[in-house]
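> Just to be clear, the model below is a prediction. Sequence and coordinates:
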Amino acid sequence: MFDDTKGFSCNARSGRPEAPLEWRVARFHTALGWLSAMATGWGCVFAAMGGQRRLALMSACAALFIAAMTEWRRRNLRRRKTEFAEAEAAYEKGLRDFRL
């Protein structure tokens, strides 16, 4: 039988693709990433106001890096969810074809 699960684990009984556990906590991790980027950005602002130029520059770089990694993770997760929907649709189509 053709396996079109795209690397997702399948239910042992039904063979239906299952969503990874990672997706259950993805919203929390994304929110945490944006909050830490904002906090680091504010650290940059306060360091600049205090005259600490090097610290402000390092904080700005860290904030940009955290924001970029959070956005990358969010986009990657969205792509994986699309792949999961395709795998689930292929499973449903295979189930319909089997019943006919």
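Yes, it's here. Numbering: from 1, shown residues only.
> can you give me the helices in the chain?
Assigned by DSSP state H, the helices in the chain fall at 26-49, 53-99.
> What pLDDT does the model give Phe98?
Looking at Phe98, its pLDDT stands at 66.
> And Glu88, how far from Arg78?
Distance, Glu88 to Arg78, by Cβ to Cβ, to the nearest Å: 16 Å. Where C-beta positions appear, they are placed from N, C-alpha and C, glycine not excepted.
> So for these two, which residue has more residues nearby?
Neighbours were counted for Glu88 and for Arg78 using other Cβ atoms under 10 Å; Glu88 has more, 18 against 11.
> Helix or strand with the lowest mean pLDDT in the protein?
When each helix and strand of the chain is scored by mean pLDDT, DSSP states H and E, helix 53-99 comes last, with a mean of 85.
> tell me which strands and helices that one is in contact with?
helix 26-49 (3 or more Cβ pairs under 8 Å, 6 or more residues apart in numbering; DSSP states H and E).
> what comes up buried for the helix it packs on?
26, 33, 37, 40-41, 43-44, 47 (16 or more other Cβ atoms under 10 Å).
> Mind listing residues that contact it?
The contact list for helix 26-49, computed with Cβ atoms under 8 Å, 6 or more residues apart in numbering, reads 53, 55-57, 59-60, 62-64, 66-67, 69-70, 73-74, 77.
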